[in-house]
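K.L.:
Only the shape, not the letters, is given here:
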Ligand code: SF4
């Protein structure tokens, strides 16, 4: 089987999703941080519905600290895990006020100190809000990287991130991160991937495996 080179894959991604971008609505690094925090286990569409009102009511970290936890929970209750997320938002805003003059820090090690902010969120904020090359590994990026054989199926999220950073030229990290998300969200979906119309089907190890199994099943049916 022909192996899929990173160069061919990046080219294919660019052709398929030239305008891939962050789909969380925001107008500054602070709003993006809140939106990414809310997006854990929730669709971007739902987050955008909620933040449309939320970002009108709350514009600064102080605004989130002026209200009670109950009120903030009520304002984001359409989002999964809203109780914990509201707690994280208030703790994050408190830390921003105490340590960072109310601003979202740029450095990765500072970002991950913020409550509710892990590696993925920090990478999204750095890449999207501050234009710093980064690859954030979410569920789509992880699945696609493993299906295509760029990473081992047992690799952790951190290992996937490190492998992709090693294989992809740094100048392409941010664009590729968005395109990988679009590829996983709209094409190589978790359920029902669009293998039939996939431009890299002939070099995809997952498709090859599924195809082989299907052939085996139909030949054993024929022989019965
Ligand atoms: Fe994903 Fe299927 Fe394409 Fe492989 S052939 S990359 S599994 S859509």
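P.N.:
Done, it's in. Every value quoted in this text rests on a predicted model; they were computed, and no experiment measured them.
K.L.:
burial count for residue 26?
P.N.:
Burial measure for residue 26: 20 neighbouring residues, criterion other Cβ atoms under 10 Å. C-beta here means a position set from N, CA and C on the backbone, and glycine is covered the same way.
K.L.:
Excluding chain neighbours, give the residue nearest to it in space.
P.N.:
Once its chain neighbours are removed from consideration, residue 26 has its nearest residue in residue 32; the separation is 4.1 Å (Cβ to Cβ, 6 or more residues apart in numbering).
K.L.:
Contact residues of the chain facing the ligand?
P.N.:
147-148, 187-188, 193-195, 198, 200-201, 204, 206-207 (Cβ under 6 Å from any ligand atom).
K.L.:
Compute the number of surrounding residues for the residue nearest to residue 26.
P.N.:
Residue crowding around residue 32 was assessed by other Cβ under 10 Å; the count is 22.
K.L.:
gap between it and residue 192?
P.N.:
In this structure, residue 32 and residue 192 are separated by 31 Å, where distance is defined by Cβ to Cβ, to the nearest Å.
K.L.:
about what we covered before: what separates the residue nearest to residue 26 from residue 190, distance-wise?
P.N.:
25 Å.
K.L.:
Name the residue closest to the centre of the protein, please.
P.N.:
The centre of the chain sits closest to residue 138, judged by Cα atoms, centre = their mean, with a distance of 3.8 Å.
K.L.:
does that residue really touch residue 118, like I thought?
P.N.:
No - Residue 138 lies out of contact with residue 118 (Cβ atoms under 8 Å); the separation is 10.8 Å.
K.L.:
outside of the lowest-mean-pLDDT helix or strand in the chain, which residues touch it?
P.N.:
Comparing helices and strands within the chain by mean pLDDT, DSSP states H and E singles out helix 205-222 as the least confident, with a mean of 78. If you take Cβ atoms under 8 Å, 6 or more residues apart in numbering as the criterion, helix 205-222 is touched by 1, 147-149, 195, 198, 201.
K.L.:
Could you do stretch 170-189 as well?
P.N.:
If you take Cβ under 8 Å, 6+ apart as the criterion, stretch 170-189 is touched by 10, 13-14, 16-17, 20-22, 123, 127-128, 131, 133-136, 138-141, 143-145, 147, 164-165, 168, 190, 193-194, 198.
K.L.:
Report the rounded mean pLDDT for that stretch.
P.N.:
Predicted confidence along stretch 170-189 averages 95 (mean pLDDT).
K.L.:
what comes up buried for that stretch?
P.N.:
For stretch 170-189, a neighbour-count test (16 or more other Cβ atoms under 10 Å) marks 172-185, 187-188 as buried.
K.L.:
Run the chain-centre distance for it.
P.N.:
In this view, stretch 170-189 has its centroid 9 Å away from the chain centroid, taken as Cα atoms, centre = their mean, to the nearest Å.
K.L.:
and that stretch, how far apart are its ends?
P.N.:
End-to-end distance for stretch 170-189: 26 Å, by Cα to Cα, to the nearest Å.
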